[in-house]
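Chemist: Got a sequence here, can you build the structure:
(2 chains)
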Amino acid sequence: MAEVINFTIDGQKLQAAPGTLVINAAKQAGISIPSFCYYDNLALQAACRMCLVEVEKTPKLQVACTLPVAEGMVVHTDTPQVHQARKSMVEFLLTNHPLDCPVCDKGGECELQDMAFRYGAGFSRFREAKIHVDEKQWSPVVYYDAPRCILCYRCVRICGEGLGVSALGIGNRGAMAEIVPNRGDHLECDECGACIDICPVGALTSGAYRYKTRPWEMEHVGTVCTHCSNGCKTTLGVRNGRIIRANNRDRSGVNGEFLCIKGRYGFDFYDHPDRLTTPLVRQGGELKPVSWAQALAVVAKRFTEIRARNGKFAVIGSNHTTNEENYQLQKFARQVLRTSNIDHHRTGDVATLLDALQGRASALASTADLVNAKAALVIDSDLAQEQPLLAFSLRFNWRINQGHVYAVTPGPVREDNYATTVRAEPGREFEQLQLLKDRLAAEPELVILFGAAIKGEDIRRLVAFGDSLGIPVKYVALVDYSNSRGASDMGLLPDLLPGYRPVSEAGLEPGLDYDQILAATDLNALWVVGANPLSRQPLASQDAFVVVQDLFLTETAQRADVVLPAFCAYEKNGTVTNVCGDVQKLTRGPKTMGPKPDLDIIALLAKEMREDLGPTKVADVFAEIRNRVHGYNLPLVVIESGGAAQAVPPNDRIQIQSRPEVVRSAGNTLYTSGTLGRYSPMLNSVLEAPGALYHDPHIAPFVAKGSVQVDTTEKYG
Amino acid sequence: MRYNEPSPLEQMIISYRFDLPNPASIDTYLANDGYVAIKKVLGMTPEAIIDELKVSSLRGRGGAGFPTGMKWSFVPRNTGKPTYVICNSDESEPGTCKDRLLMENDPHQLIEGMLIAGWTIKSNKGYIFIRGEYRYLIDIVDRAIAEAYQRGYLGKNILGSGWDFDLYTHTGAGAYECGEESALLESLEGKRGIPRLKPPFPAVVGAFQSPTILNNCETYSAIPWIFRNGGAAYAALGTPKNGGTRLVCVSGHVNKPGVYELPMGFNLLRIVNEVCGGVRNGKKLKAIIPGGSSSPVLRADECDIPYDFDSLAKAKTMAGSGGVVVLDEDTDIVAVALRTIKFYAHESCGWCIPCREGTNWLKKILSRYHEGFGDESDIDLIAELANNMLGRTFCALGDAAAMPTAGFVAKFRNEFEDYLKKSPRFQPAPELAVV
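Modeler: A predicted model of the protein is given here:
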């Protein structure tokens, strides 16, 4: 076959690779051919017949979305015949489509409206009765209005092909054909809402968004989801300072248009009725609302006092706060409080991986690598539950780029459906890896993603195993939360400064780690920023002065002496670092009143204690991070423009002095997100929440749950 | 058992066993030339078999009339994949009722035809896809298959050739669309019965992603005779490029409706007047739907033509699946058009827009028109909508609905217009009248 096909579209002489579809070849030449059912990277349907074009020497109009270019082919996309055909298709579509555009969620961003505007008639010849079917609710998230549906099957395909969930199908036939959920009258699925976003019309509507606003009344703010570590770009629809919806229809960001339930619906914790809006100070045994000035004064006074008598401080940082906040927090701890007792809930052993790789810059996979790598190996993680974007990316890679996927997991995972998977009990992964070794070594390259069960020495073994394959290998240490990686990079560690420099460089000894802080009986002060350690174990120090910065009165906040209400990630500016080390920008969406960003709280406390922490503005702090933290001297323009730039690993050995035991996965599922998830009405309302971590997709796709009660003892972080 | 008296004008080569006692049994079949052709074919190469079929000018009896030999020659060899032989007995075209007789009265003839196809492409598995409503036929065909297994015509090492062939029945679930070959394959694979994108055609990527021979029941049934008597003899029965005989299913206003095996090219008017004893009650002929409900109607003055694929195509209609529907002078063409479109609106699978919405819209207009609430603009609208569907739908079902509808309006426009005169015109209620 020839390498290049020569053909003509609308008089333009064009070339394309064999197999290119006319619709895509035209698009590349700037000629738009309308379509509903054609969708990039999904199976061809040829169902909507909107993309009919005229091909010379072919009597009938041809469907551009399934027609590959051929040598010498002459295509016309803009003839009276083509126009007439498209107009007639729009006319057919509108026969049973209700013209309730003025109240339809999609009105204003509806592809059928656009198509009617471009090709439709200004007059309807349809005077018969329209078919009406009542709207159905399939889940708290998904509603379906059959009359509006134009049956383009995008939802069926994104669910089946894209996500591998296959929760949607087609029922009935002819004019009564409609989309039906996998359980007949309801959905049991990932509840990700991809079907809603991909719907060209208002047939599938979101339980969170429906009938709340018109699309043009919102401001669209691109930021990063605050839940898991994958760092999906989510576009907040903000109206009057409130988030109305989240999606990523512009397909920007590392995730394209992928978002899971947390990214699309999990933002709703931010205006939960329990959200703290004023600082609280314990007075007479009870937390009482006070002004910011009063609360900050109390904290500053106690901190100064305890420092003056060389009391014992400890700081627990967050997996959700920004890099800037984490950087300033550790600076505060080390400079102002003069302590090394700082840690966060570590959900993956990033430091050991970086040490084991010893500065091999190309050995850390970026998020983009997952959709291009020739092969990927997943160890000890149910990706679809814990790392939804990574699972989607690996599946996409397998589906579109023929990438191979291997998995070594303790239980059944969704990757079983297409990947080479091996079961391994925890602790026996390496025996099973040996079985795969020959096949892995035959791959041209490999990305290894490993869960929190691989930590400490096991990581060094894994890297040795990777080296033994004799092929280029990249690694991803899976972590659980939106800035888990950033917390580690920014030195929220008892033994390491930002950029994994030893604490000795700051003239300090390694301090207490997370478990030791909680177990210590002699703490005088504990400062917890955006974490909930006491949900899992009590604080051993009975008399410690506890300051908590959080959104809610969590178990930890209830024990606090001062509670400072903080912003969540959607309300902040700053940067976060995702599981693959990709640094992205947060942009403030809603204008919440009362709480403050953690960065401001830290700066105000420093001011109150008459200490100089340096810059206070986000941009200035980030500038300092770029200057001082190894690996973060990233191109500003990429991050400022909403892109992702991967942090570079340190060159030298890392002097790790903490115990790998403190590395523990939070064990979140698709429907849980630590403490934050407990305050998300949507996450808790879906039938599936919280699913079993290792479910069997063949036998019981999801463990249905009768009650939305969440067992807090299982939550951690 | 036959359902009508045979006509002396018939030339029975595939239906001659229908009159024998116990016609479906293997003993009857064996005593009457049964399983002779397969013995001969087992000594032939695939090329020789396909050449013989090409000589016979046998054309697909399902409706499209595609040359069978050519279809078989498209099946790729040595792909490393299994191959399949599938019989389309999802006979659903209104006016057509021949496959039913072939399966009821001579299932072994069908089995032998499929065996020949199986041997040609060295397939080891075949399926007979039977229309779900033909429930009683499944038992008959299953019994025949069991007999064939017992006698060694199916199963392992057939007739000592070292070749294995298994045959199964599979039933549709009541969808006209599953008579479309790719929708049939989807249904066979256990999926929703919707058509597939073509190309690739089933010969290359058919059942279970494998090369597949898929033919109509009558096509397979004709094959044993061809190999017993030679392709040339078969071709000689019909007209050029239209070999053999075909089972013509005549229904409607004739004195002797029924299924008659007639040589290809038999005159259509003679079918009505001589084979079927003329129009019922001495009425005059108004029109004939010549090849199942999806073929455009022929006015009485157009009916004096040979009944074969090419002649009917020249008359801008088609021989289709052989369902001849005769309409006498009293027939209400609007009612016929309505009944026809009702069927297609009911059977449209819903996959593509023009068919799903077009059939439904046409049904609604014609219903209103038939009830006397039509107006002049409806006539053109009906014709225009049918033309908007034609050639633009995913599969042929949309064409099957649009062609006859367009045909009724084109050929009997006067009847549509008369309808407006004789029926009460639609008067908008005064409060709805637009000033």
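
Chemist: Could you list the low-pLDDT ranges of the chain?
Modeler: All of this is about chain A. Per-residue confidence for chain A (pLDDT under 70) gives these ranges: A:1-2, A:689-717.

Chemist: wait, chain B
Modeler: In chain B (pLDDT under 70), the answer is B:423-435.

Chemist: can you rerun that using 90?
Modeler: Chain B contains residues with pLDDT under 90 at B:1-2, B:63, B:77-78, B:371-376, B:419-435.

Chemist: Can you list the residue ranges for strands in it?
Modeler: Using DSSP state E, the strands of chain B run over B:84-89, B:125-130, B:166-171, B:212-216, B:245-252, B:258-263, B:266-267, B:285-289, B:298-299, B:306-307, B:323-328.

Chemist: Over to the stretch 101-250 of chain A?
Modeler: Counting by DSSP state E, counting those that start in this stretch, the segments of the stretch 101-250 of chain A that form strands are A:136-137, A:142-144, A:168-171, A:178-181, A:204-206, A:219-224, A:233-239, A:242-247.

Chemist: and the last one, what does it pack onto?
Modeler: Think strand A:242-247. strand A:233-239, helix A:261-265 (3 or more Cβ pairs under 8 Å, 6 or more residues apart in numbering or on different chains; DSSP states H and E). Heads up, the C-betas are built off the backbone N, CA and C, glycines and all.

Chemist: Select, out of the ones you listed, the one closest to residue A:366.
Modeler: Nearest of the helices and strands packed on strand A:242-247 to residue A:366, taken as Cβ to Cβ: strand A:233-239 at 14.6 Å.

Chemist: Return the angle between stretch directions for that closest one and strand A:242-247.
Modeler: Inter-element angle recorded for strand A:233-239 and strand A:242-247: 150 degrees (by axes from the mean of the first three to the mean of the last three Cα atoms, to 10 degrees).

Chemist: contact partners of strand A:233-239?
Modeler: Identification of contacts with strand A:233-239 by Cβ atoms under 8 Å, 6 or more residues apart in numbering or on different chains yields A:209, A:213, A:215, A:217-225, A:243-250, A:252-255, A:259, A:263-264, A:267, A:570, A:584, A:589-590, A:642.

Chemist: go on, stretch A:276-293?
Modeler: A:294-296, A:298, A:550-553, A:557-558, A:560-565, A:593-596, A:604.

Chemist: Disregarding residues adjacent in the polypeptide, which is nearest to whatever residue of chain A ends up closest to chain B?
Modeler: Residue of chain A nearest chain B, by Cβ to the nearest Cβ: residue A:177 (2.9 Å). Among residues not flanking residue A:177 along the chain, residue B:350 sits closest, at 2.9 Å (Cβ to Cβ, 6 or more residues apart in numbering or on different chains).

Chemist: Surely the residue of chain A closest to chain B touches residue B:352?
Modeler: No - applying Cβ atoms under 8 Å, one finds residue A:177 not in contact with residue B:352, separated by 10.5 Å.

Chemist: check contacts around residue B:327.
Modeler: B:252, B:253, B:285, B:286, B:287, B:288, B:289, B:297, B:333, B:336.

Chemist: can I get these in CSV with neighbour count?
Modeler: Formatted as CSV, the contacts of residue B:327 follow (neighbours: other Cβ atoms under 10 Å in any protein chain shown):
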residue, neighbour count
B:252, 21
B:253, 21
B:285, 22
B:286, 20
B:287, 25
B:288, 24
B:289, 27
B:297, 26
B:333, 21
B:336, 22
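
Chemist: Please produce TSV containing those, extended by distance to residue A:385.
Modeler: Listed next are the contacts of residue B:327 as TSV, based on distance: Cβ to Cβ, whole Å:
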residue	distance to residue A:385
B:252	63
B:253	68
B:285	71
B:286	69
B:287	65
B:288	65
B:289	59
B:297	61
B:333	63
B:336	59
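
Chemist: Sweet, I'm off.
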